[in-house]
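> next comes the sequence, and after it the predicted model I'd like to discuss.
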Amino acid sequence: MSEPAETKTLILKPHFICPPYSHTVQYYETDKMGIVHHSNYIRWMEEARVFFLHTLGWDFNRLESMGLSSPVLDVHCRYHIPTVFAEEVLIYVTVESVTPVRLKLQYEFTSLDDKLVAEGSSEHTFLDSAGKIIRLHKAYPDFYKALQGCIPQVVQA
């Protein structure tokens with residue numbers, strides 16, 4: 001008779017989870033059809049990213065006073081259902097990955113009744129005040145560590 005296979009338990013290590021950013025659709029964000037123009041979702045990503053960094057304790061004013069900027073390298077958005085004037089949209093921001101020179105964020109847009117409205121991503125690099133790419137883990141290790149602390153990690157027990 002063989003012995004039972006050893007089972008391993010997966011444990012999710014604690015990590016920073018940002019509350020959702022709430023955006024109420026403004027009339028000027030809609031088009032002739034009465035739905036939000038697609039370009040506004042990219043703007044909302046930026047609003048949610050600013051909120052995320054503020055909630056993490058690294059708001060834009062702090063980063064800019066340190067001489068750090070993080071321009072967008074790439075952005076994607078996939079639309080699922082339209083939104084309309086006065087509708088509230090919740091935007092969840094998560095860190096997909098962070099390296100010394102790149103940050104990739106994921107965005108999930110939902111309605112108040114939890115329907116998936118859109119999903120997207122943005123990728124950023126890090127520049128010093130002279131516009132040169134920096135290695136975040138060396139130049140700003142505390143910020144790098146804070147971003148790494150946003151990524152869920154599964155370990156086996």
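Received, thanks. Numbers count the residues shown, from 1 in each chain.
> give me the helices and strands touching the lengthiest strand in the chain, please.
With secondary structure taken from DSSP state E, the chain has its longest strand at strand 88-98. In terms of contacts (3 or more C-beta pairs under 8 Å, 6 or more residues apart in numbering; DSSP states H and E), strand 88-98 is packed against strand 21-24, helix 39-56, strand 103-111, helix 141-148. C-beta here means a position set from N, CA and C on the backbone, and glycine is covered the same way.
> adjacent strands (with direction) for it?
Applying DSSP bridges, strand 88-98 is found paired with strand 21-24 (antiparallel), strand 103-111 (antiparallel).
> okay, those, which one's buried deepest?
strand 103-111 (a mean of 19; mean count of other C-beta atoms under 10 Å).
> which residue is nearest the middle of the protein?
residue 93 (3.3 Å; C-alpha atoms, centre = their mean).
> ok, that residue - contacts?
18, 21, 48, 49, 51, 52, 105, 106, 107 (C-beta atoms under 8 Å, 6 or more residues apart in numbering).
> repeat the analysis, applying 7 Å as the threshold.
Counting by C-beta atoms under 7 Å, 6 or more residues apart in numbering, residue 93 touches 18, 21, 48, 49, 52, 105, 107.
> how close does it sit to residue 17?
Residue 93 sits 10 Å away from residue 17, going by C-beta to C-beta, to the nearest Å.
> residue 148 now?
14 Å.
> who's more crowded, these two?
residue 148 (17 against 11; other C-beta atoms under 10 Å).
> show me what contacts the closest residue to that one other than its chain neighbours?
Excluding its sequence neighbours, the residue lying closest to residue 148 (C-beta to C-beta, 6 or more residues apart in numbering) is residue 98, at 5.8 Å. Contact analysis of residue 98 by C-beta under 7 Å, 6+ apart lists 147, 148, 151.
> may I ask which of these comes out lowest in pLDDT?
Confidence by pLDDT is poorest for residue 151 among those, given 91.
> give me the number of residues near residue 74?
10.
> low-confidence ranges in the chain?
1-13, 155-157 (pLDDT under 70).
> so can I have CSV of the contacts of residue 98 showing distance to residue 88?
Below are the contacts of residue 98 laid out as CSV (distance: C-beta to C-beta, whole Å):
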residue, distance to residue 88
147, 28
148, 31
151, 28
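> ok, those vs residue 139, which is closest?
Using C-beta to C-beta, residue 147 is the member of the contacts of residue 98 that lies nearest residue 139, at 13.1 Å.
> the closest residue to residue 52 other than its chain neighbours and residue 109: what is the separation?
Spatial nearest neighbour of residue 52, chain neighbours left out: residue 93 (4.2 Å); criterion: C-beta to C-beta, 6+ apart. Per C-beta to C-beta, residue 93 is found 11 Å from residue 109.
> having no further points to raise, I will conclude here.
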